[in-house]
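Asks: okay, here's the prediction I keep looking at, along with the sequence it came from:
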Amino acid sequence: MLPSSRLDWAFAGTSSSEFRQSQDGKKVVHSTWRHWVDSRVSDTGGVKDEGDMYPQPDGRTLEKGSMVNPSTGKLTDYQEMWRDLDPVATIHEDRDEVKACVVLMLEDNAHKAKGMVVRVGQFCQGVLRIGHRFSLERWDWKGKEEGWKRAVRIGDFWLPCGVATEEGTLKMDGEVKYGEFVWKVVELSHF
């Protein structure tokens, strides 16, 4: 387990994209990420970042945008470079390889708790905020021989990442209960 001082920023939420005109008049994809749970702030009501996506010759995507800098409270320009990865199959049934997508969410206002676990292909990540405390985990698929391994953990809250990697244990609209908390299965698909 890593100390919380190693965490710069972690968040989960939803994103949306649309085409629009860039400053130079070209058509670009504009993406908006709305933070639902965030390691830097408890109240995520207005927290979002947004930027324009510019495909690069090497296959990566340059994102140019602006967001409120949590350190200064001022709207600040930023640039990030992204590389898409193809999901890897982690399920092998009768010689068929299957990829999975799983999303679990926790919202418990009485305990000031919000959390999200997302699994796509070979990666599973989870974040949880309870009051002013925050935890996160990342799990990676290491192949059929080794299976799923937790790569990173910060904080001491339990997150259902391990459950999200187990096949056949979850049902759409089902629940994962641990202690006082109930995580809802809001997405479950295989492709």
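Replies: Arrived safely, thanks for sending.

Asks: tell me how far Asn109 lies from Ile130.
Replies: 12 Å (Cβ to Cβ, to the nearest Å). Using the backbone N, CA and C atoms, a C-beta is placed for each residue, glycine as well.

Asks: more neighbours: these two, which one.
Replies: Ile130 (18 against 7; other Cβ atoms under 10 Å).

Asks: can you tell me which residues contact the closest residue to the more buried one other than its chain neighbours?
Replies: Among residues not flanking Ile130 along the chain, Ala113 sits closest, at 4.5 Å (Cβ to Cβ, 6 or more residues apart in numbering). Contacts of Ala113 were listed using Cβ atoms under 8 Å, 6 or more residues apart in numbering, and they are 106-107, 128-131, 181.

Asks: output these in CSV; the columns should cover pLDDT, distance to Thr61 and secondary structure.
Replies: As requested, the contacts of Ala113 are arranged in CSV below (pLDDT from 0 to 100; distance: Cβ to Cβ, whole Å; DSSP: H, G, I helix; E, B strand; the rest coil):
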residue, pLDDT, distance to Thr61, secondary structure
Leu106, 98, 31, strand
Glu107, 97, 31, strand
Leu128, 98, 29, strand
Arg129, 97, 29, strand
Ile130, 97, 34, strand
Gly131, 96, 36, coil
Phe181, 97, 36, strand
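
Asks: now rank those by neighbours and give me the top one.
Replies: That'd be Arg129 among the contacts of Ala113, by other Cβ under 10 Å, with 28 neighbours.
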